[in-house]
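J.: The amino acid sequence is not available; the structure is as follows:
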């Protein structure tokens, strides 16, 4: 699927790999599509295309944020309230990026206030 040149120019390389989704977004999208099921790590990896070396880290970070639950060898979508807050933030960020373009960290750092210099 082609993207416009503005999105190409303003997006980071990481964002452009894998259709613009992060590994966490892929996992959350997959689990959200199956809220009534729990999956093993390998089932989630196979369904999302997240690399073998990354899936456990992604799931652990999502669990730390209470976006997924873990019991034994199975993983499931987290509580509704936490997932709804995450989804709202994700959609807001996507809308802002679509409208204004993604932030360029180097450009942001050029204008950031250095705490040591401001004292």
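T.: Received it, and whenever you're ready, just let me know what you need. The structure displayed is predicted, hence computed values, not measured ones.

J.: how about stretch 48-62: buried residues?
T.: 48, 50, 55, 58, 59, 62 (16 or more other C-beta atoms under 10 Å). For the C-beta atoms, the positions are set from N, CA and C on the backbone; glycine is no exception.

J.: which one of those residues is nearest residue 21?
T.: Distances from residue 21 to the buried residues of stretch 48-62, taken as C-beta to C-beta, are shortest for residue 48 (9.2 Å).

J.: Excluding covalently adjacent residues, which one is nearest to that closest one?
T.: Of all residues not flanking residue 48 in the chain, residue 26 sits nearest, at 4.2 Å (C-beta to C-beta, 6 or more residues apart in numbering).

J.: low pLDDT regions in this protein?
T.: Filtered on pLDDT under 70, the chain yields the residue ranges 1, 12-20, 90, 105, 115-119.

J.: the helices in it, which residues?
T.: According to DSSP state H, the chain carries its helices in the segments 5-10, 13-16, 23-33, 41-48, 52-64, 80-100, 105-111, 115-118.

J.: most tightly surrounded among the ones you listed?
T.: helix 23-33 (a mean of 19; mean count of other C-beta atoms under 10 Å).
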